[in-house]
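# Test case, fold it:
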Amino acid sequence: MKITDIEIIQVKAPYHQGISELMIRRNLYQINYVYKVYTDDGIIGIGDDGKQPDEVIQKYIGRNPFEFINGSAPTPLQQAFYDIMGKALDVPMYQLLGEKVHHKVPIAYWSIDMTPEEWANEAKHAYALGYRVHKIKARPWFEIVEQVQAISEAVPANYQLRVDANDSFETPAQTLKVIDLLQKYNIESFETPIPQRDIEGYVEIRQHCDVPITIHFGNPNPIEAIKANMNDSFIIAYPDSRASNAKYEAAVSQAAHLPVWLQIVGLGATTAYVTHLSATMSNATMPAITLSCLRENALVKPAIQMEDGYVTVPDRPGLGVELDEDALDNCRI
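Numbering: from 1, shown residues only. Okay, here's the model as predicted:
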């Protein structure tokens, strides 16, 4: 089997009506790229993610997709290669990665910083779709307590919030102040409250609060982070979302008895890829982030369905989803 062509389709998949204007105004993730990888066997693999340079694409023409099993191809190509391999062997992608330890994997909703009313409306929308954890971007130009309170009043009590400060809380003292103000709400975790290089600061935070603290794997060196006991979980994100890297980082975290979540921004193919990868990681127990939930259509069928916070891992060959060609044609640029 040889790869004969790689088609890159530039798309603009609309956001759902409630946030479309906001996301356009912020110019966030407006353009996506859908990949079709063709083979001389007639099997077509799909993927989606960021744009890859032509010189990178050309490196894979004429190669066998099986050369890159558990490899380090760019994420959208790796998705397509696994899709091809699974279809060729008539097995779902997870069987190419290892034992499936989760039949369902959790996925979280996501929101950029917004007004309390906007966040509350998004939370109601997300809950109706089946999400039970909501990652929210905390920013100093909004009052975080008012925002969290608005969400909590809008949805049932089992709806959890993941507060991502992107280090904007700046100091341990300020972080502990915010945590104290939010203690009565259902907070799942705080993500990167202060710069991740501040190991001593994280240690101080964890000594004075019970809310789980999570950081991105790799900064600081994960061994230093684990030895210092500075965090409760790790985020495995792009570009380390490639299968070989992700499996390694999950294994390191597992050795330290720390859970992880995957975070890759994309459409439906990306979400399917994340479910397969997470299914083979015993400690991938925290809800993943893909952002496909924000779109009117994630451009795959069957549509990915949430049920009480979880997605069932597809059992069809490859990624287990196909491109929705009609929806794709409507989004082409």
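# T285: neighbour count?
Per other C-beta atoms under 10 Å, the neighbour tally for T285 reads 14. C-beta here means a position set from N, CA and C on the backbone, and glycine is covered the same way.
# What sits closest to it if chain neighbours are left out?
P259 (4.8 Å; C-beta to C-beta, 6 or more residues apart in numbering).
# Test my guess that that neighbour contacts P287.
No: between P259 and P287 there is no contact under C-beta atoms under 8 Å: 10.5 Å.
# If you count surrounding residues, which of these two has more?
Shown here are P259 and P287; by other C-beta under 10 Å, P287 has more neighbours (25 against 19).
# Next one: the more buried one from E249, what distance?
Per C-beta to C-beta, to the nearest Å, P287 is found 17 Å from E249.
# Over to Q160?
24 Å.
# try S189
Taking C-beta to C-beta, one finds S189 at 18 Å from E249.
# just L319 next, same as before
22 Å.
# just F190 next, same as before
20 Å.
# what does R25 give?
For R25, the distance to E249 - C-beta to C-beta - is 35 Å.
# higher neighbour count, those two?
The residue with more neighbours, out of R25 and E249, is E249; 22 against 8, by other C-beta under 10 Å.
# and that one, that's in a strand?
No: using DSSP: H, G, I helix; E, B strand; the rest coil, the assignment for E249 is helix, not a strand.
# what's around I9, how many residues?
So I9, with other C-beta under 10 Å, has 17 neighbours.
# what's the nearest residue to it if we skip its chain neighbours?
V34 (4.4 Å).
# okay, that neighbour: pLDDT?
With respect to pLDDT, V34 has a value of 97.
# how about it, what does it touch?
By C-beta atoms under 8 Å, 6 or more residues apart in numbering, the contact set of V34 is 8-9, 11, 46-48, 267, 269, 299, 323, 328.
# Please flag which of the residues you listed sit within strands.
8-9, 11, 46-48, 323 (DSSP state E).
# Make JSON lines from those residues and add distance to P92 to it.
Shown next, in JSON lines, are the ones in strands among the contacts of V34 (distance: C-beta to C-beta, whole Å):
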{"residue": "I8", "distance to P92": "25"}
{"residue": "I9", "distance to P92": "24"}
{"residue": "V11", "distance to P92": "25"}
{"residue": "I46", "distance to P92": "15"}
{"residue": "G47", "distance to P92": "16"}
{"residue": "D48", "distance to P92": "18"}
{"residue": "L323", "distance to P92": "17"}
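# Highest neighbour count among those?
Going by other C-beta under 10 Å, D48 tops the ones in strands among the contacts of V34 with 30 neighbours.
# quick one: it and K36 touch, right?
No: judged on C-beta under 8 Å, D48 makes no contact with K36 at a distance of 10.2 Å.
# Low-confidence ranges, this protein, go.
239-241 (pLDDT under 70).
# What are the boundaries of the helices in it?
20-26, 54-58, 75-89, 116-129, 144-154, 172-182, 199-207, 222-228, 243-255, 268-279, 325-331 (DSSP state H).
# and those, which is most packed in?
helix 268-279 (a mean of 28; mean count of other C-beta atoms under 10 Å).
# helices and strands around that one, which ones?
Under the contact definition 3 or more C-beta pairs under 8 Å, 6 or more residues apart in numbering; DSSP states H and E, helix 268-279 sits against strand 44-49, helix 75-89, strand 104-106, helix 243-255, strand 260-263, strand 300-301.
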